[in-house]
Structures are given as structure tokens and as C-alpha cells.
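Student: Output the structure for:
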Amino acid sequence: MQPGGLNSLIKEAQRGGPVRGIRFEVEGRAHVVPLPEPVPGPGEVVVKVTSTGVCGSDLSALSGTHIFRRPPLISGHEAGGIVHAVGEGVTDAQPGDRVVIDPQRVCGSCEKCRTGRYHLCPSKQMLGISEWDGSFADLVAVPEYTLIPAPAEVKDEHLALAEPIAVAAHAVGRVDLGSVRRALVLGGGTIGSLIARVLSTRGVETVDVVEPREFLAPTLIEMGATSVHTPSTFKTGPDALYDAVFIAAGVPALLETAFESVATGGTIVQVAVFKTGHTVPVGELQVKEISFLGTAMYVREDFIEALEILARYPKLAELLVTRTTSLEEGAELITTMAAEGPGDILKLVMVP
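Tutor: Below you'll find the predicted structure:
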């Protein structure tokens with residue numbers, strides 16, 4: 001974006017006008033369409049979106065490979081903004097409040113919800129599916145319980161970053177860091193770089209990253225990585241294994257790398273989604289007493305930590321966001337990225 005372009009986008013949004021959103025079509029095209037203005041139901045609020053991020057699940061939805069996001073739909077689940085309207089029964093949120101959205105609509109009554117693990121609710125819905133229009137729009141309706149207050153230190157156009165940071169915070173939280181001196185992150189994209197940031201913030205001594213795109217190395221170092229390797233240059237040995245390994249790229253072959261790199265008694269965390277199954281070396285898992293853990297989404301505490309990190313490291317947004325743009329240009333970019341890959345874009349954020 002050209003200098004001054006972001007301010008122009010924000011001023012344009014403030015002028016108001018018809019509600020717009022990006023609709024994903026079944027033929028793999030994303031385009032801006034007019035939408036009816038959402039009306040908050042009981043217990044709901046309507047948020048005026050000030051920033052919304054594009055992630056890999058959006059691209060796989062448009063390309064037709066996502067397991068539950070199926071076009072036609074209004075996608076988007078990384079979002080923050082300003083409360084625009086409130087529905088009946090809303091008790092805390094008020095118009096004008098700055099918030100980020102935890103994009104999970106849950107039942108609130110099952111055992112998982114009652115014990116604070118609502119991210120595992122069996123009837124959970126995610127923002128940005130056919131049944132719940134997502135954040136690639138000027139306005140979005142969400143339950144009040146999904147809102148997390150945003151600190152003043154975090155700019156409106158950066159609020160969308162809380163969601164991917166929460167993913168990283170939750171993944172790191174799956175590991176007892178008290179026994180972790182050396183950690184390895186396999187994949188240095190958005191989530192991998194943020195895992196490096198969270199690990200470094202939490203005091204892990206060595207945080208190494210393996211990432212094939214060499215141009216990302218300086219960014220990863222600034223995000224907290226101790227060193228960055230390409231797959232061809234990365235090597236481990238008996239004296240250089242890792243207490244924790246995070247698989248942060250959807251490449252099944254990385255599972256083998258993870259098991260080769262993890263120390264006896266160490267932990268592997270599966271963060272990325274694999275589109276196909278892969279063989280797990282169960283014998284090695286048993287003999288070396290390796291913990292092999294999954295991580296799913298996040299909970300409210302992860303968003304709170306994410307916002308604290310954004311406030312503490314204001315340069316993080318500059319490092320992470322490659323492009324900030326409008327809904328119209330964003331629709332064109334998303335169409336290209338879904339068909340051809342993200343290219344040199346690490347993170348795309350739209351300012352409706």
C-alpha cells in the first residue's frame with residue numbers, strides 16, 4: 001500500500017454507505033457484493049469491522065478443499081472493530097467499544113463448555129461459514145460472549161492479528177515450558193512466526209525455525225527466532241535435539257523431521273492441518289516417551305495474551321502484515337492467492 005493509503009481506507013470506511021462483503025463463489029472467485037445490514041438478535045452485537053485478516057483456511061475454502069467452509073459464503077474469522085449496535089439482553093457491550101472477536105459460537109451447556117474448554121464444544125460453529133456470515137464485510141453480527149475488549153495501545157487496523165496470535169499462544173500453552181530449553185518450529189509462515197514470538201516472550205532459551213522461503217529469515221529473527229534454517233541446511237544430532245517441536249506447516253513429511261529432532265521425553269505439537277493422513281512412528285513414540293499433542297483453536301485467555309503481546313511489541317504488526325488493503329482489492333488478491341498460492345504475502349489484512 002502507498003504511504004497514506006491506510007488513512008484513506010479508514011476515512012472511506014467512516015463515511016458509511018451500503019453494507020458490503022466479499023462472497024466466495026463455487027467457481028473459485030471472490031468478489032464484493034452488497035449485503036443486508038445485519039440486525040443483532042437477543043444477546044448479539046453488530047461489530048463494525050476495522051480490520052480482518054486472511055488465513056489459509058479462507059484460501060482453502062475458496063479453492064474448494066476446506067472440510068467445512070463451502071462456498072457460496074461470506075468468509076473471514078480474524079477480526080476486530082467497534083461495537084455498532086447491540087441486541088436485547090446485551091449487558092456489557094456498548095456502541096463505541098473497541099473489541100476483537102473470538103469467532104466461535106458454542107452451545108454453552110455441554111461438559112466442554114461448562115469446564116472452560118468451549119473450543120472443543122461438539123456443536124461449535126465458526127464465523128465465516130454458510131450459516132454464519134464472516135468478517136470479510138463492513139459489519140458482522142456475533143454473540144456478545146465472543147467479544148474481548150481491545151487495549152488502547154493496539155491500533156484499529158491491527159486488531160485482526162489477535163486471532164492468529166491466539167492460535168500460537170494456545171499451541172505453546174499445550175507444552176509444560178518449565179522443562180523446555182530448546183524449541184523447534186517447523187514452518188515460518190504466519191502461525192510459525194507467531195509461535196516463535198510467543199516462545200521467546202515466555203523465556204525459552206533457544207527457538208530455531210525451519211522455513212524454505214529464505215526471504216522470511218530476517219522477519220523470523222525479529223519475531224524471536226534464535227536461528228533460521230532452510231530444509232536443506234537444517235541438521236540435528238544427538239547433542240542438538242529439541243525439548244519441544246511445533247509442526248506449523250501443512251506438509252506431512254515434517255512429521256518425520258519432528259520425530260528425528262525431538263529429544264527423549266520431549267513433546268511434539270501438531271499445529272498445522274494435514275489434508276491427508278500420515279504414519280506416526282508409534283514405536284519411537286513409546287520407547288522415547290515422546291508426547292504427541294494436538295492443538296485446536298483457542299480460548300478467551302489466549303486472546304487476552306495475544307492482545308498483551310500486540311501491545312508489548314508494536315513492531316510485530318509491521319513485521320507480520322505484508323499488505324493492508326480494501327475489500328475490493330482484497331477480493332482480487334484472495335482469488336489469486338487461492339489459485340496460485342500466497343507468493344510473497346505473509347499476511348493480508350483488509351480494512352473494510
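
Student: Now stretch 144-158: average pLDDT?
Tutor: Averaging pLDDT along stretch 144-158 gives 97.

Student: buried stuff in that stretch?
Tutor: Using 16 or more other Cβ atoms under 10 Å as the test for burial, stretch 144-158 gives 144, 145, 146, 147, 148, 150, 154, 155, 156, 157, 158. For glycine as for every other residue, the C-beta is placed from the backbone atoms N, C-alpha and C.

Student: With stretch 235-248 instead?
Tutor: For stretch 235-248, a neighbour-count test (16+ other Cβ under 10 Å) marks 241, 242, 243, 244, 245, 246, 247, 248 as buried.

Student: isn't the fifth one right up against residue 187?
Tutor: Think residue 245. No. Residue 245 is beyond contact range of residue 187, at 11.0 Å (criterion: Cβ atoms under 8 Å).

Student: now do the same end-to-end measure for stretch 133-146.
Tutor: For stretch 133-146, the first-to-last residue distance is 15 Å (Cα to Cα, to the nearest Å).

Student: tell me how far it is from the chain's mean position?
Tutor: The chain centroid and the centroid of stretch 133-146 are separated by 16 Å under Cα atoms, centre = their mean, to the nearest Å.

Student: Ok, stretch 278-294 next?
Tutor: Using Cα atoms, centre = their mean, the offset of stretch 278-294 from its chain centre is 27 Å.

Student: Narrow the buried residues of stretch 144-158 to those in strands?
Tutor: Judged by DSSP state E, the buried residues of stretch 144-158 include 147, 148 as members of strands.

Student: can you list the buried residues of stretch 144-158 in a markdown table and add distance to residue 24?
Tutor: Formatted as a markdown table, the buried residues of stretch 144-158 follow (distance: Cβ to Cβ, whole Å):
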| residue | distance to residue 24 |
| --- | --- |
| 144 | 27 |
| 145 | 27 |
| 146 | 22 |
| 147 | 25 |
| 148 | 27 |
| 150 | 27 |
| 154 | 28 |
| 155 | 28 |
| 156 | 25 |
| 157 | 23 |
| 158 | 25 |
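
Student: Pull up the distance across stretch 144-164, start to finish.
Tutor: The stretch stretch 144-164 measures 21 Å between its terminal residues, going by Cα to Cα.

Student: max-length strand in the chain?
Tutor: In terms of residue count, the longest strand belonging to the chain (DSSP E) is strand 44-54.

Student: Mind giving me the packing neighbours of the next helix or strand after it?
Tutor: Moving toward the C-terminus from strand 44-54, the next helix or strand (DSSP states H and E) is helix 56-63. Packing partners of helix 56-63 (3 or more Cβ pairs under 8 Å, 6 or more residues apart in numbering; DSSP states H and E): helix 327-340.

Student: just checking, residue 40 touches residue 83?
Tutor: No. Applying Cβ under 8 Å, one finds residue 40 not in contact with residue 83, separated by 9.7 Å.

Student: Can you tell me the SS state at residue 32?
Tutor: Classification of residue 32 by DSSP: H, G, I helix; E, B strand; the rest coil places it in strand.

Student: Might one say that it is in contact with residue 22?
Tutor: Yes. Counting by Cβ under 8 Å, residue 32 touches residue 22, with 5.7 Å between them.

Student: and the gap between residue 284 and residue 324?
Tutor: Computed as Cβ to Cβ, to the nearest Å, the residue 284 to residue 324 distance reads 44 Å.

Student: More neighbours: which of the two?
Tutor: It is residue 324, of residue 284 and residue 324, that has more neighbours when counted by other Cβ atoms under 10 Å, with 19 against 13.

Student: partners of the helix or strand containing that one in the sheet?
Tutor: Taking DSSP H and E as the criterion, the element that holds residue 324 is strand 323-325. In the sheet, strand 323-325 lines up against strand 348-350 (parallel) (DSSP bridges).

Student: Heading C-terminal from the helix or strand of the chain with the lowest mean pLDDT, find the next helix or strand.
Tutor: The least trusted helix or strand in the chain, going by mean pLDDT, DSSP states H and E, turns out to be helix 5-14, with a mean of 48. As assigned by DSSP H and E, the chain's next helix or strand after helix 5-14 is strand 20-24.

Student: Can you give me the first-to-last residue distance of stretch 284-293?
Tutor: In stretch 284-293, first residue to last residue: 15 Å (Cα to Cα).

Student: What are the buried residues along it?
Tutor: Applying a neighbour-count criterion of 16+ other Cβ under 10 Å, one finds 290, 292 buried in stretch 284-293.

Student: got it, and stretch 194-202?
Tutor: Quick answer for stretch 194-202 (16+ other Cβ under 10 Å): 194, 195, 196, 197, 198, 199, 200, 201, 202.

Student: out of the residues you listed, which one sits closest to residue 316?
Tutor: Distance to residue 316 across the buried residues of stretch 194-202 (Cβ to Cβ) is lowest for residue 197, with 6.7 Å.

Student: Which SSE is immediately downstream of the helix or strand where that closest one lies?
Tutor: Taking DSSP H and E as the criterion, the element that holds residue 197 is helix 190-201. Following helix 190-201 in sequence order, the next helix or strand is strand 206-210 (DSSP H and E).
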